[in-house]
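Visitor: Predicted structure and sequence below. I'll ask about it afterward.
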Amino acid sequence: MIAKLEKWGEAKIILVLKLNLKDEALKFLVSNPKLEEIDHFDSLVKNLKEKFCKQPNFEEAQRQFNNLKQKVSQSISDLAELVSSTADKFSNPNNSEEENVVSLTEKLKLSKFIEALRPDIRVEVKKLGTKTFKSAVAIAKKIDNALSDDGGEINVTDSGINQILSQQLNTNKQILELSEKVSAISSENLCVNSLTEAQATNSNNVRNNQQSPCQICGKLNHKANNCFHFTRGNYYRGNNRANYNRTFRANNFHPYRSRTNHRNNYGRGFRSNLNF
């Protein structure tokens, strides 16, 4: 601007440029005698740009733009700055001030910024329906502050995430071990209960066998098929309990007395009837 205002000559402009070169640019100028012979300012600038200024790679800029995502430890401000610079390289590499180019670049910044946000912040920003890149950045910062425990920006590192995951894994292992122990104890209790019930059932059966009266004589501690009267054949099949008194004593007969006594008793009774 000064050169144009003061209407410097071409030689003076080139001299000022050479005096302001430093480091690698100055070495490049000294090591190339052909550059000394250039007497046109624009030609000299072009040679210097070709050597030291990397031309923007559209494909690389597009790849970086598409892969933008907010990292765990990345703040909203850092993400916004990265989105802005990457969008400029991708959409407006020549820094054009044309209205259409600038408008398109701003729309790309807005859409990419919202897409790159963390899911929880992204949802809230979309709900508010912001229409400009700057307003989206401001809203995202407020939401981030509200979601943060300390009211600040996200400050969670990868090591912190790994520590949280490790603690969660240990907790899950402890829960699994405790569940296995509870299952083992439940199985043992089930076996003990089964044995106890079986023993109780057997004990009840024995007790019932011991306490149930005989169906023939009515006495305890033996079954009907082991009853003395059953083995002697003196029970009635039509009656569950035989009346052995009627069977044996109706004819003045006792099972433990001999037949001789029976005959004697019978005769004695007959004679007594005659005497009477």
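Guide: It's in.

Visitor: mean confidence score for stretch 224-242?
Guide: If you average the pLDDT over stretch 224-242, you get 57.

Visitor: Oops, could you answer that again for stretch 139-153 instead?
Guide: 74.

Visitor: cool, stretch 184-203 as well?
Guide: Per-residue scores along stretch 184-203 average to 66.

Visitor: Same question for stretch 100-110.
Guide: pLDDT averaged over stretch 100-110 gives 88.

Visitor: Likewise for stretch 12-27?
Guide: Rounded mean pLDDT across stretch 12-27 is 73.

Visitor: for that stretch, which positions count as buried?
Guide: Using 16 or more other CB atoms under 10 Å as the burial criterion, the residues of stretch 12-27 that qualify are I13, I14, L17. Glycine gets a C-beta too; all of them are placed from N, C-alpha and C.

Visitor: okay, the residues you listed in a markdown table with distance to K46 and secondary structure next?
Guide: Shown next, in a markdown table, are these (distance: CB to CB, whole Å; DSSP: H, G, I helix; E, B strand; the rest coil):
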| residue | distance to K46 | secondary structure |
| --- | --- | --- |
| I13 | 14 | helix |
| I14 | 13 | helix |
| L17 | 12 | helix |
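
Visitor: how about those in a markdown table, adding distance to S183?
Guide: Listed next are these as a markdown table, based on distance: CB to CB, whole Å:
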| residue | distance to S183 |
| --- | --- |
| I13 | 89 |
| I14 | 89 |
| L17 | 84 |
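
Visitor: Closest one of these to L220?
Guide: L17 (130.9 Å; CB to CB).

Visitor: so how far is S43 from the closest one?
Guide: In this view, L17 and S43 are 12 Å apart by CB to CB, to the nearest Å.

Visitor: And A80, by the same measure?
Guide: 40 Å.

Visitor: more crowded one of those two?
Guide: A80 (22 against 12; other CB atoms under 10 Å).

Visitor: List the residues that contact that one.
Guide: F113, F133, V137, A140 (CB atoms under 8 Å, 6 or more residues apart in numbering).

Visitor: mind checking the backbone torsions on V72?
Guide: phi -60, psi -40 (degrees, to the nearest 10).

Visitor: neighbours around it, how many?
Guide: There are 12 residues near V72, going by other CB under 10 Å.

Visitor: Next: the one 5 residues further on.
Guide: Under the neighbour criterion other CB under 10 Å, S77 is assigned a count of 13.

Visitor: Can you check the pLDDT for it?
Guide: Confidence for S77, expressed as pLDDT, is 92.

Visitor: Ok, W8 next?
Guide: So W8 comes in at 72 (pLDDT).

Visitor: Could you do M1 as well?
Guide: pLDDT, M1: 47.

Visitor: Tell me the first helix or strand C-terminal of whichever helix or strand D78 is part of.
Guide: If you go by DSSP states H and E, D78 is part of helix 76-91. Next helix or strand after helix 76-91 toward the C-terminus (DSSP H and E): helix 99-116.

Visitor: Who are the packing partners of that next one?
Guide: helix 76-91, helix 119-128, helix 133-147 (3 or more CB pairs under 8 Å, 6 or more residues apart in numbering; DSSP states H and E).

Visitor: Let's see that with 6 Å instead.
Guide: Contact partners of helix 99-116 among helices and strands, from 3 or more CB pairs under 6 Å, 6 or more residues apart in numbering; DSSP states H and E: helix 76-91, helix 133-147.
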